[in-house]
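Asks: Just need the structure, nothing else, for what follows:
(one chain, ligands or ions: 2)
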Amino acid sequence: MSGETSNACANEKVAFITGITGQDGSYLAEFLIEKGYEVHGILRRSSSFNTGRIQHLYEKPACHSGGRMHLHYGDLTDTTCLISIISKVKPKEIYNLGAQSHVKVSFELSEYTAQVDALGTLRLLEAVRVARLEKQTKIYQASTSELYGKVVEIPQNEKTPFYPRSPYACAKLYGFWIVVNYREAYGMFACNGLLFNHESPRRGESFVTRKITRGVAKIQLGLLDCIELGNLDSKRDWGHAKDYVEAMWLMLQQEEPEDFVVAMGEAHSVREFVEKAFGHVGRRIEWRGSGVDETGHDASTGQLLVRVNPKYFRPTEVDLLLGDASKAQQKLGWSPKITFDQLVVDMVDSDLELMKKNPQA
Ligand code: NDP
Ligand code: GDR
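Replies: Ligands and ions are numbered 1, 2, ... in the order given. Okay, here's the model as predicted:
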């Protein structure tokens, strides 16, 4: 933990990441350090360690002792700390990835989600203004395909109208528009990345892809009987987080601030993800029943592997997300390197390795 002040002047490569301890923040920190940046991030106070995803960076002398990575206690609900850190660090680039990012949880924690995801974005923009950095600091806002919500048009691009379907998406809608407003009102270089779902072995355990790959690994090792899931029919455009953090950086390297969709351009159902993940360990799923009574079985042995549990259903669901990333491909020169099939394999293999080392994980 470091409260050290940056020695770098405003012209050097200095980045500030909110959400550095999360999936994307950890990959982005790696990516930026690799590019020679000094990276600062905020760390939330918690009763147990929450630095698991960046521990390897923190322990690397080149990143830490060499002054390449600095963590500051902070929170997007605390204006004073944001002003203080930003004034001190004077980042050239800010990546606002910090959020209560779980859609289902946002129905239970709706006000808190708005505090962090909506007002947190406003606090950050204001902190940049208070520090008088609005003309020199570029800002990336983690916007989301969840803004499209109820299907209005397929595929979804930068011009598709929004129809949010959760407190999370409504909070992120405010974040999107306040970024656009500050860009227009104060000439700030602020961009929204409309990123579709992206996953990895570092994905939080309660998101559906990771829940499935952990479940497959545990079942294979005899540590679990069956995976309980919610809506198997919803479709997502899933990519790999490693590819998506590059798009964030590219947005801030442009001459003009603009908003971009980042997606693979293919949609797969949750059911299909389950089939691919079990397929990778040599098991074919046979589906029986329908709706809340649907179950998935090993086609050879009949063993029950998947069961629907309505407790995982959402009050309002997003049925289909499919992105059109043509603008990012043309203007940023961005294209994904990791396919959907490779993503599934990466996650299952990683969870198998993890569970073998530590069955309690
Ligand atoms: P994670 O849930 O993995 O990480 C969220 C990060 O935000 C964590 O570092 C978390 O800290 C931090 N955080 C939570 N609450 C606060 C707070 N009050 N103040 C400061 N930081 C906070 O999310 P991802 O890495 O997957 O996503 C990154 C961002 O991108 C999020 O804003 C998400 O909404 C958005 N997004 C994600 C997509 C995806 O598919 N992954 C797609 C589109 C957008 P801690 O570790 O302490 O919990
Ligand atoms: P999402 O991701 O809501 O798209 O938000 P999540 O993995 O939670 O859900 C994807 C779809 O799977 C269905 N589903 C389940 N989901 C979870 N979590 N658990 C289950 O057991 C389950 N069973 C079925 C869901 O109903 C849904 O349709 C993610 C987050 O990263 C957001 O922060 C981000 O903005 C969006 O992706 C783009």
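
Asks: Just checking, which helix or strand of this structure averages the lowest pLDDT?
Replies: Across the helices and strands of the chain, mean pLDDT, DSSP states H and E gives its lowest value to helix 55-59, namely a mean of 83.

Asks: Next secondary structure element downstream of that helix?
Replies: Downstream of helix 55-59, the next assigned helix or strand under DSSP states H and E is strand 69-73.

Asks: Go through that next one and flag the buried ones.
Replies: Buried positions in strand 69-73, judged by neighbour count with 16 or more other C-beta atoms under 10 Å: 69, 70, 71, 72. The way it works is simple: take the backbone N, C-alpha and C, and place the C-beta from them, glycine included.

Asks: bridging residues for the last one?
Replies: Note on residue 72: beta-bridge partners residue 42, judged by DSSP bridges.

Asks: gap between it and ligand 2?
Replies: Applying C-beta to the nearest ligand atom, to the nearest Å, the value for residue 72 to ligand 2 is 24 Å.

Asks: correct me, but that residue touches residue 45?
Replies: No. With contact taken as C-beta atoms under 8 Å, residue 72 and residue 45 are classed as non-touching, separated by 11.3 Å.

Asks: Need the three-state assignment for whichever residue of the stretch 201-350 of the chain sits closest to ligand 1.
Replies: Nearest to ligand 1 in the stretch 201-350 of the chain, going by C-beta to the nearest ligand atom, is residue 204, at a distance of 5.0 Å. Three-state call for residue 204 (DSSP: H, G, I helix; E, B strand; the rest coil): coil.

Asks: For it, give me the pLDDT.
Replies: pLDDT recorded at residue 204 is 98.

Asks: For residue 310, which non-adjacent residue is spatially closest?
Replies: The shortest distance from residue 310 to any residue other than its chain neighbours is 5.3 Å, reached at residue 292 (C-beta to C-beta, 6 or more residues apart in numbering).

Asks: Validate this expectation: that neighbour resides in a strand.
Replies: No. Secondary structure of residue 292 (three-state DSSP): helix, not part of a strand.

Asks: how many other residues sit next to it?
Replies: Using other C-beta atoms under 10 Å, residue 292 has 11 neighbouring residues.

Asks: Up against ligand 1, what does the stretch 101-250 of the chain have?
Replies: Counting by C-beta under 6 Å from any ligand atom, the positions of the stretch 101-250 of the chain adjacent to ligand 1 are 101, 116, 142, 144, 195, 197, 198, 204.

Asks: Surely the first one and residue 22 touch.
Replies: Meaning residue 101. Yes. Residue 101 lies in contact with residue 22 (C-beta under 8 Å); the separation is 7.1 Å.

Asks: Could you tell me which residues touch both of these two?
Replies: residue 204 (C-beta atoms under 8 Å, 6 or more residues apart in numbering).

Asks: quick one, helices of the stretch 101-250 of the chain?
Replies: With helices called from DSSP state H, counting those that start in this stretch, the stretch 101-250 of the chain shows them at 103-108, 110-113, 120-130, 167-186, 208-220, 241-252.

Asks: tilt between the third one and helix 167-186?
Replies: Put simply, helix 120-130 runs at 20 degrees to helix 167-186, going by axes from the mean of the first three to the mean of the last three C-alpha atoms, to 10 degrees.

Asks: Repeat that for the last one.
Replies: An angle of 20 degrees separates the directions of helix 241-252 and helix 167-186 when computed by the same axes, to 10 degrees.

Asks: what about stretch 137-149 and ligand 2, touching?
Replies: Yes. Stretch 137-149 comes into contact with ligand 2 (C-beta under 6 Å from any ligand atom), by way of 144, 145, 146.

Asks: Closest one of these to ligand 2?
Replies: The closest of the residues of stretch 137-149 next to ligand 2 to ligand 2 turns out to be residue 144 (C-beta to the nearest ligand atom; 3.3 Å).

Asks: Can you read off the pLDDT for the closest residue in space to the closest one that isn't next to it in sequence?
Replies: The shortest distance from residue 144 to any non-neighbouring residue, by C-beta to C-beta, 6+ apart, is to residue 172 (5.3 Å). Listed pLDDT for residue 172 reads 99.

Asks: How about residue 149?
Replies: The model's pLDDT for residue 149 equals 98.
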